[in-house]
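A.B. asks: what's the 3D shape of this:
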Amino acid sequence: DRRFSKNSLLFQTSGSTGMPLEVLVHPNQWIMEQGVVFRHWKWGGYNFRDPIAMVRSYVPPNDTKLWYSNKITNFTYYSPFHLNDNNIPKYLNHMKALGISILRGYPSSIVTLAEYVLKTSHPTPKIKLILTASEALSDRDREVIEQAFGAKVSNHYGLAEQVLMMGDCEKHEGLHHYDEYGYLELVNTEDPNVKKIIGTNLYNITTPLIRYDTGDLAIVTEKPCSCGKTLPTIKNIIGRRDSMIKTQTGASIPTVNFYTMFNESQEIERWQIVQESLTRILIKLKTNNISKDRVDELIKQMKKRFINSNIEIVVEINTFFIQKTEGKTNSFVSML
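C.D. replies: This is a model prediction of the structure:
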C-alpha cells in the first residue's frame, strides 16, 4: 500500500531459494517485532542493558577488527566468519573481560564456540542465557551448548518478511507461537508429525502478507508446555520444505528427506549438503569417529533417494562448512 511506503522500513529475505523478496514493513509492525523479541529475551532472564555478545551478522572490514561494541545497546558483535582455534580464545577472553552475561548467535556459531570450550576447557564468561536464531537448532546442538556454557538455550524463530514469530519460554520445552504477532496455520504433510508453516501478519498494513507459505517445516507436539501459557507450542523447526536438490532428469528432491538420516547417525556431529552441479553432491561431515564403511553406507543410502539419476556423491570429513554472506551456515547450499 503506497500510502504508507514513505515511512516504512525495507527488509529483504536471504534469497536462499532464488531471488530475494523485498518487503516494506510498517512502523507498527516493527514496534510489535521489537516487543515480542524483548519479551522472549525477558522470559530467558534478560534485563535491559545486560551485556550481550552477538556472534552473528558482523562482517569485519579486515582480519584484525574481529569485534566492535555498541555502547548504547551494550551489545558487542563478533565475526562469525573467523571462528577458528586461533581466534576463539581471543573471543572468549574478550567476552570475559567485558563481563558478558548473554550469548546470542547462529546455532552453528555458538556450537563452534561450545565445542572449543569442551575440547580445551578454556574459561568462559559467566553466561546466564544463550539466544539462538536464524538456523535450525538440533537437540544435539542444544545439549552441547548448554554443557559448555552452563546456561539454558532460548531458541527463536522469525522471518525477514515479519509474518510469524516463535520462541522458548523459561521452561525451554518448545517454541511458543506469538498469536498477537501473526496468525499461524499448520498444514499437513505426508508425515503426521511434520507441518508446513503458513502465516498472516497482523500489523504490516504496508505489505500485508496473507496465508503466506514460509517454506518452513515444524515438528508438532500434542503436549502443552508446563509453563501454563496458552500460546501454542511447537516442538522445533526442522528446515525448509523448498530446499531442493535438482537432478539431470528434472526431479526436485527435498533436502528434508536427508535430515533424519544424518541427525540419527551418532557419529556425525554436524553436516552440510552442497549441490555443486546437477551431477555432483558434496556432503561435508564434522565427526571424530566415523569409519569408511559407515561413510560408504551413508552414500549408499543417499543414492537410493536419487532414483534413475546419475549423481556423484562425495564426502568430505572435517573441512570448513560454507557460510552465507551474513555468517549463516545452512544445512543445504546450492551452487547452481
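A.B. asks: for the rest of this, base every contact and every neighbour count on C-alpha atoms.
C.D. replies: Will do.
A.B. asks: all strands for the stretch 101-250 of the chain, in order.
C.D. replies: Under the criterion DSSP state E, counting those that start in this stretch, strands of the stretch 101-250 of the chain are mapped to 102-105, 129-133, 153-158, 165-167, 175-177, 182-188, 194-201, 212-220, 233-240, 244-246.
A.B. asks: and the fourth one, which strands flank it?
C.D. replies: In this case it means strand 165-167. Applying DSSP bridges to the sheet, strand 165-167 is found paired with strand 153-158 (antiparallel), strand 175-177 (antiparallel).
A.B. asks: next: the first one.
C.D. replies: Within its sheet, strand 102-105 is paired with strand 52-55 (parallel), strand 129-133 (parallel), according to DSSP bridges.
A.B. asks: among those, which is the most enclosed?
C.D. replies: When the strands paired with strand 102-105 are scored by mean count of other C-alpha atoms under 10 Å, the highest mean neighbour count falls to strand 52-55 (a mean of 26).
A.B. asks: can you pull the buried residues of the following helix or strand past that one?
C.D. replies: Going down the chain from strand 52-55, the next helix or strand is strand 67-70, by DSSP states H and E. For strand 67-70, burial by neighbour count (16 or more other C-alpha atoms under 10 Å) applies to residue 67.
A.B. asks: just stretch 215-235 next, same as before
C.D. replies: The neighbour-count check on stretch 215-235 (16+ other C-alpha under 10 Å) flags 216-220, 224-225, 232-235 as buried.
A.B. asks: between the two ends of it, what distance do you get?
C.D. replies: 17 Å (C-alpha to C-alpha, to the nearest Å).
A.B. asks: measure how far it is from the centre of its chain, please.
C.D. replies: 18 Å (C-alpha atoms, centre = their mean, to the nearest Å).
A.B. asks: ok, now stretch 28-35?
C.D. replies: On C-alpha atoms, centre = their mean, the centre of stretch 28-35 falls 21 Å from the chain's centre.
A.B. asks: among the strands of the stretch 101-250 of the chain, which is the most enclosed?
C.D. replies: Of the strands of the stretch 101-250 of the chain, the one with the most neighbours on average (mean count of other C-alpha under 10 Å) is strand 165-167, at a mean of 26.
A.B. asks: mean confidence score for that strand?
C.D. replies: Throughout strand 165-167, pLDDT has a mean value of 95.
A.B. asks: what does that strand contact?
C.D. replies: With C-alpha atoms under 8 Å, 6 or more residues apart in numbering as the test, strand 165-167 has contacts from 40, 154-159, 174-178, 181-182.
A.B. asks: if we use 6 Å, what do you get?
C.D. replies: For strand 165-167, contacts defined as C-alpha atoms under 6 Å, 6 or more residues apart in numbering pick out 155-158, 175-178.
A.B. asks: verify the stated contact: residue 1 with residue 208.
C.D. replies: No: counting by C-alpha atoms under 6 Å, residue 1 stays clear of residue 208, with 8.5 Å between them.
A.B. asks: so between the two, which is more surrounded?
C.D. replies: residue 208 (20 against 11; other C-alpha atoms under 10 Å).
A.B. asks: any idea of the pLDDT on the residue lying closest to that one once chain neighbours are set aside?
C.D. replies: Leaving aside its sequence neighbours, residue 208 sits nearest to residue 201 (C-alpha to C-alpha, 6 or more residues apart in numbering; 6.4 Å). On pLDDT, residue 201 comes in at 94.
A.B. asks: what about the closest residue to residue 160 other than its chain neighbours, neighbour count?
C.D. replies: Nearest non-adjacent residue to residue 160, counting by C-alpha to C-alpha, 6+ apart: residue 13, 5.4 Å away. By other C-alpha under 10 Å, the residues close to residue 13 number 14.
A.B. asks: wait, residue 13 sits on residue 158?
C.D. replies: No: taking contacts as C-alpha under 6 Å, residue 13 lies outside contact range of residue 158: 11.3 Å.
A.B. asks: do you have the helices of the stretch 201-336 of the chain handy? List them.
C.D. replies: 256-263, 292-304 (DSSP state H, counting those that start in this stretch).
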